[in-house]
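> Could you work out the structure for the sequence below:
(one chain, ligands or ions: 1)
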Amino acid sequence: MMRCWIIVFLAGLGHLQAAPSSESTPELWKLAKESADVHRFSTLFSAQDVRDYLSSEAGLAEAIQWCQASGVTKVYLEESRSGYQADRATLARARESFRAAGLAASGCVTTTRVGKPSDHWGSRISCYTDLATQDRVQASFEYAAGLFDEIMIDDFWFTDCTCSNCNAARLARVVTVGSKTYPVSGDTWVDYHCELMLRVSQDRVLAAAKRVNPKARLIIKYPQWYEKYQDRGYDVVRETAAFDRIWVGTETRDYSDREWGGTPQYSGYFVMRWLGGIGAAKCGGGWFDWLGTTEHTYVEQARQTILGGARESMLHCYGGIQHGADIGALRANIPELLTVAGEVRRREPVGIAVDKPPGSSPQEEPHVFDFVGMIGLPLAPCHEFPTNAPSAFLSVQALADPNLAAELRDFIATRRPVLLTDGLARRLTGLVNLTATNVSVLAVGGQPKSLLELPQTRLDDLRAPLLSALQTSFRAPNRVALYLFTHGGWVVENFNDAPVEVVLNGQALKVEARGWRYHWE
Ligand SMILES: [Zn+2]
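Alright, predicted model coming up:
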């Protein structure tokens, strides 16, 4: 079954008046308000931001003004982070003030420095086998639920602890949450960490918050690092089923940044679409930050989030943006981004189907999809084998599908084009006959980033059969991505620092450096 066609998704008394004072504010604010049901921009005030920026009337007024000038129509006011809990009266007053000014306001909890530290990651990440730590995390969600009906959880809701208590529980194959025990299906660390985080989520977060506030709805925000989810206890199938909503980390930062680099821009689109397929209507939006970004990459993160089908772009976070992000560049692009979001929301993505089963290990091919997207192959991310897709790209991640060999044999027999990584082809030797002319092998050599150096002739050879199955032809240099949508929609995005000439379906186009071109019929 192919289920990768992405499903199209779908105030109080205040202390301050809504009237914006800046000359430039009214137009963008009006547009943002009108567009909010299609796509909205939001921001987070971390618990420390609440203390530092929202404790005074002047700070609150300035924050509201900044949001309105930035087209931000929703705020998340965080209750706790890294051992600090924001003041209840300050949170309540800020909540009412933002709502009075016409913004939506929800809560957030970041589970860093909660109780006993993990023996692996260090003090920010906790050992949730520890019952006292479970008590502490429960208290932080009960506090948040007393203030808000919607609560986001930032992407530190995981554990990698392998302490002696965790190890004993893993070997006994039992998770203990409060006074309850749950069996674990296997004895690997993946088995234990995933079961532990699911059960702690259900009993200590979801049930606890809803006892305090039956209207509470919890959002689990998944990190950008989707290849490692299972290793740290993120089970995207069962946790997505348990939580009310999901959010997606699309913060790719700058590929060449020395501290934060290494993730190509296309990764934001890929993870947004992949989790969008798993979460369907529960998938609310993307989340990116300013760390390690330039003016270009900051805006590119917004583009990738919107092309990925997000209904909301969360700008993390107010305090950080004041000192880091080029908010001016984003503001200037918001009208165009909202227009594109409207067109994307009316369409479904079309592309070369990719099978990334939930919980699958990348082995030597981490993020190979992101690099394949960067070389101009338009992908339709799936979490199941794409039986009915017009063309497919498969990597070692697909081996997590126990029926892969049979499904692939059937796919090849239909003569539709399929591209396999060399790592997968090697592992299928003797299981699947890969000599048919509709099968191509991509030389990754365990170095997915090497794809960014592929020469034009190789790019042309790779694209031709896969795109032909989509009734498309595309000639472009490396690092130019193509996105196809139903009803004739397309986007070409140039990630190079120089303008490029491309030919799409016989039409020559010039795309500016770090620019994009699109067409909607
Ligand atoms: Zn532990």
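
> didn't residue 360 look like it was pressed against residue 402?
No - the criterion here is Cβ atoms under 8 Å, and residue 360 misses it with residue 402 at 11.4 Å. Any C-beta I mention is one placed from the backbone N, CA and C, and that applies to glycine too.

> and those two? which has more neighbours close in?
residue 360 (20 against 9; other Cβ atoms under 10 Å).

> Let me know how buried the residue nearest to the more buried one when sequence neighbours are not counted is, in neighbour terms.
Sequence neighbours aside, residue 400 is the residue nearest to residue 360 in space, at 3.5 Å (criterion: Cβ to Cβ, 6 or more residues apart in numbering). Residue 400 is flanked by 15 other residues according to other Cβ under 10 Å.

> Next up, the contacts around residue 400.
357, 359, 360, 361 (Cβ atoms under 8 Å, 6 or more residues apart in numbering).

> Over to residue 133?
114, 115, 116, 126, 127.

> count of neighbours near the first one?
The one in question is residue 114. What residue 114 shows, counting by other Cβ under 10 Å, is a neighbour count of 26.

> From the ion, how far out is it?
As judged by Cβ to the ion, to the nearest Å, residue 114 and the ion stand 13 Å apart.

> Using the three-state scheme, assign that residue.
Put simply, residue 114 is coil when judged by DSSP: H, G, I helix; E, B strand; the rest coil.

> In this structure it contacts residue 135, no?
No - Residue 114 is beyond contact range of residue 135, at 9.9 Å (criterion: Cβ under 8 Å).

> How confident was the prediction at the residue nearest to residue 360?
For residue 400, the pLDDT comes out at 98.

> Now do the phi/psi pair for residue 349.
Per-residue torsions, residue 349: phi -70, psi 150 (degrees, to the nearest 10).

> Wasn't residue 247 part of a helix?
No - assessed with three-state DSSP, residue 247 is strand; it does not lie in a helix.

> Show me what it bridges to in the sheet.
Here residue 247 sits in beta bridges with residue 221, residue 285, going by DSSP bridges.

> pLDDT on the longest strand belonging to the chain, on average?
Longest strand in the chain by number of residues, with DSSP state E as the criterion: strand 72-81. What strand 72-81 shows for mean pLDDT is 98.

> likewise stretch 502-510?
Per-residue scores along stretch 502-510 average to 98.

> Restrict that stretch to CA atoms and write it as PDB.
Extracted in PDB, the C-alpha atoms of stretch 502-510 (Å, rounded to 0.1, in the frame of the first residue of the first chain):
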ATOM      1  CA  VAL A 502      18.100  25.100 -15.900                       C
ATOM      2  CA  VAL A 503      15.800  23.400 -18.500                       C
ATOM      3  CA  LEU A 504      12.500  22.000 -17.200                       C
ATOM      4  CA  ASN A 505      10.300  20.200 -19.600                       C
ATOM      5  CA  GLY A 506      12.100  22.000 -22.500                       C
ATOM      6  CA  GLN A 507      11.700  25.400 -21.000                       C
ATOM      7  CA  ALA A 508      14.900  27.300 -20.200                       C
ATOM      8  CA  LEU A 509      14.800  29.200 -16.900                       C
ATOM      9  CA  LYS A 510      17.300  31.300 -15.000                       C
END
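
> Which one of the contacts of residue 133 is nearest to residue 274?
Relative to residue 274, the closest of those is residue 126; by Cβ to Cβ it sits at 27.3 Å.

> That closest one contacts residue 137, correct?
Yes - counting by Cβ under 8 Å, residue 126 touches residue 137, with 7.5 Å between them.

> Surely residue 137 and residue 116 touch.
No - using Cβ under 8 Å, residue 137 makes no contact with residue 116, being 10.9 Å away.

> tell me, what's touching the two both at once?
residue 126.

> Checking the residue lying closest to residue 389 once chain neighbours are set aside next. Helix, strand or coil?
Distances taken as Cβ to Cβ, 6+ apart put residue 353 closest to residue 389, at 3.3 Å, once the chain neighbours are dropped. Under three-state DSSP, the three-state class of residue 353 is strand.

> Check which helix or strand residue 135 maps to.
helix 131-145 (DSSP states H and E).

> ok, that helix near the ion or not?
No - judged by Cβ under 5 Å from the ion, helix 131-145 stays clear of the ion, getting no closer than 8.7 Å.

> what residues does this protein put near the ion?
Residues of the chain lying near the ion (Cβ under 5 Å from the ion): 127, 129, 161, 163, 166.

> hang on, isn't the third one packed against residue 123?
No - in this structure, residue 161 sits apart from residue 123 without contact. The criterion is Cβ under 8 Å, and the distance is 11.8 Å.

> So for these two, which residue has more residues nearby?
For residue 161 versus residue 123, neighbours defined as other Cβ under 10 Å are more numerous around residue 161 (27 against 12).

> dump the residue contacts of the more buried one.
Counted by Cβ under 8 Å, 6+ apart, residue 161 has contacts 118, 119, 120, 121, 125, 126, 127, 128, 129.

> neighbour-wise, which of those residues leads?
residue 128 (29 neighbours).

> isn't that one right next to residue 200, touching?
Yes - counting by Cβ under 8 Å, residue 128 touches residue 200, with 5.0 Å between them.

> Neighbours of the closest residue to the ion within the stretch 351-500 of the chain, how many?
Residue nearest to the ion within the stretch 351-500 of the chain (Cβ to the ion): residue 359, separated by 21.2 Å. Per other Cβ under 10 Å, the neighbour tally for residue 359 reads 18.

> now swap in residue 393 and tell me
Neighbour number of residue 393 under other Cβ under 10 Å is 29.

> show me the residues around it that make contact.
352, 353, 354, 369, 372, 377, 379, 418, 419, 420, 442, 466 are the contacts of residue 393 under Cβ under 8 Å, 6+ apart.

> On the strand side of things, show who it bridges to.
residue 354, residue 419.

> If I look at it, what pLDDT would I see?
98.
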